[in-house]
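Student: Build me a model:
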Amino acid sequence: MTNNLAVRIVLLDDEPFMLKLIGHMLENLGFTAVSPYSSGVAALAALDAPSGQPELILLDLNMPEMDGIEFVRHLVQRNYAGSLVLISGEDERMLQAASKLVQAHKVKLLGHLQKPVSAGALAALLAQWTPPASGRSRAAKAAYGADTVRAAIANGELVNYYQPKVAVADGRVVGVETLVRWRHPTDGLVFPDQFIGVAEAHGEALAQTRVWRDAGIALRVAVNLSMDSLATLDFADHVVAASVEAGLASAEIVLEVTESRLMADLRVPLEILTRLRLKRFRLSIDDFGTGHSSLAQLRDIPFDELKIDRSFVHGAYADPTLRAIFEANLNLARQLGIEVVAEGVEDRNDWDFLGSKGCDLTQGYFIARPMPAAELPGWIDIWKTRLRDEALVL
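Tutor: Okay, the predicted model is just below:
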């Protein structure tokens, strides 16, 4: 249990009444090491003092002289490693925009509160706070170069995990997305954002899909394509050869292209993807809506599947802005005759929302986390039981 007495909190708000009110709430919750400041300059000076950085900062966004957004920039410059709570009288969309900025800066955001702050909302938010883990800090996160990754491939350290895709209408397991992981000999399980140049699964995912099919589990397998692959004209022939070797039909293979990483010069990628589509491989545009030329790519590339990014899915049932974006993407895909996959389904509310909108497919932690191949058959049995017991489908 966290010892509230030892948690150092900086409270920054230009209104003296709010400083007293929130300070009193914190005291009632058992937080006594609270330092209130009415200006960003004074708060930053305290952060630079020898006593070190606080574990928590409660920050008002709309302040004269130095506003909360500018204050966050100064926190980043000081490599602030604690947690941040945003407080504002602005509307929800403004708070969400500020939250996205904080997250983009890689500052840990505990959440946000709207004024007038209620004691219950503050208590619920602070109950989620946990002390930072010991060991390597966020800034010390490892990054691995191409030579190291090539050695890992040679040593068999890269393994595939699989996240199921299910049909929203009836809960059928229709496919899996292949997600590569690196079992590093000293750093443990390493995720793809820490290493480069590893997007193809070297035929293992295709071979595994054949194993499942032979065992009576028919699935489409999705493999993420790297930009290096789409820069090589003979890549289409490589994919065809790999599918033949695995004994899979091209329609059983989904090739996912991350929209935000598509090249500015589409000539070579367009040739490769068009050839693959002619050979009946399924093409999917991933992270849709997060890049800068979504509609142009839908126009130019013959995609079969559109994956709506998790940032537009989770919580859309309760957020009018997210709901509008989700519905617009869903309607666009329907008009183009493209199947829709909603990513990031985290809870029952997300699941029910997708069902009410008639979304085709979905994946996310509410359904299953990525898992090793050996765990998938057992998970399918568990999922069928959940469908019945939790009445997930009508």
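Student: Which stretches in this structure count as strands?
Tutor: 9-12, 34-37, 56-60, 83-88, 108-114, 158-167, 173-184, 188-190, 220-224, 253-258, 282-288, 305-308, 339-342, 361-362 (DSSP state E).
Student: Please identify the pairing partners of the first one and their relative orientation?
Tutor: Strand 9-12 pairs in its sheet with strand 34-37 (parallel), strand 56-60 (parallel), by DSSP bridges.
Student: ok, back up a step: identify whichever of the strands of the chain lies nearest to Gln128.
Tutor: Judged by CB to CB, the one of the strands of the chain that comes nearest to Gln128 is strand 108-114, at 6.3 Å. C-betas here are computed from N, CA, C, even on glycine.
Student: what separates that closest one from the chain centre, distance-wise?
Tutor: Computed by CA atoms, centre = their mean, to the nearest Å, the separation of strand 108-114 from the middle of its chain amounts to 18 Å.
Student: average pLDDT for it?
Tutor: Mean pLDDT, computed over strand 108-114, is 89.
Student: Skipping adjacent residues, who's closest to the most centrally placed residue in the chain in space?
Tutor: Using CA atoms, centre = their mean, the residue of the chain that lies closest to the mean C-alpha position is Arg310, 6.2 Å off. The shortest distance from Arg310 to any non-neighbouring residue, by CB to CB, 6 or more residues apart in numbering, is to Gly344 (2.3 Å).
Student: residues contacting that neighbour?
Tutor: Asp309, Arg310, Ser311, Val313, His314, Asp350, Gly364 (CB atoms under 8 Å, 6 or more residues apart in numbering).
Student: which of the residues you listed sit farthest apart?
Tutor: Asp309 and Asp350 (13.5 Å).
Student: For the helix with the most length in the chain, which residues meet the burial criterion?
Tutor: The single longest helix within the chain, with elements called by DSSP state H, is helix 320-336. By 16 or more other CB atoms under 10 Å, the buried positions in helix 320-336 come out as Leu322, Arg323, Ile325, Phe326, Asn329, Leu330, Leu332, Ala333.
Student: So which residues make contact with that helix?
Tutor: Helix 320-336 is contacted from outside by 93, 96, 288-289, 298, 306, 308, 312-313, 315-317, 339-340, 342, 357-359, using CB under 8 Å, 6+ apart.
Student: Figure out how far it is from the centre of its chain.
Tutor: With CA atoms, centre = their mean, you get 19 Å for helix 320-336.
Student: per-residue confidence averaged over it?
Tutor: For helix 320-336, mean pLDDT is 93.
Student: Could you do stretch 211-230 as well?
Tutor: Mean predicted confidence for stretch 211-230 is 88.
Student: Between the two ends of it, how far is it?
Tutor: One end of stretch 211-230 sits 28 Å from the other (CA to CA, to the nearest Å).
Student: for stretch 338-356, same thing?
Tutor: Stretch 338-356 has an end-to-end distance of 19 Å (CA to CA).
Student: from now on call the first residue 427
Tutor: Renumbered: residue one is now 427, and that last one reads stretch 764-782.
Student: Check the offset of that stretch from the chain's centre.
Tutor: 15 Å.
Student: List the buried residues of it.
Tutor: 764-771, 776-777, 779-781.
Student: These into TSV, with extra columns for distance to Leu437?
Tutor: Shown next, in TSV, are those (distance: CB to CB, whole Å):
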residue	distance to Leu437
Ile764	49
Glu765	50
Val766	45
Val767	43
Ala768	39
Glu769	37
Gly770	33
Val771	36
Asp776	34
Trp777	38
Phe779	36
Leu780	40
Gly781	43
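Student: Can you tell me which of those residues is nearest Asn505?
Tutor: Gly770 (29.3 Å).
Student: ok, now how distant is the closest one from Thr716?
Tutor: Using CB to CB, to the nearest Å, one gets 12 Å for the distance from Gly770 to Thr716.
Student: and if you look at Ser655?
Tutor: Distance from Ser655 to Thr716, by CB to CB: 20 Å.
Student: Look at those two and report which has more neighbours.
Tutor: Neighbours per residue (other CB atoms under 10 Å) separate Ser655 from Thr716, with Ser655 holding more: 19 against 14.
Student: what's next to stretch 471-488, contact-wise?
Tutor: So stretch 471-488 is contacted by 433-441, 444, 448, 461, 463, 469, 493-495, 497-498, 501, 504, 506-516, 520-521, 524, 536, 552, 555, 557-558 (CB under 8 Å, 6+ apart).
Student: try 6 Å this time
Tutor: Residues outside stretch 471-488 that contact it (CB atoms under 6 Å, 6 or more residues apart in numbering) are 433-439, 494, 508-514, 524.
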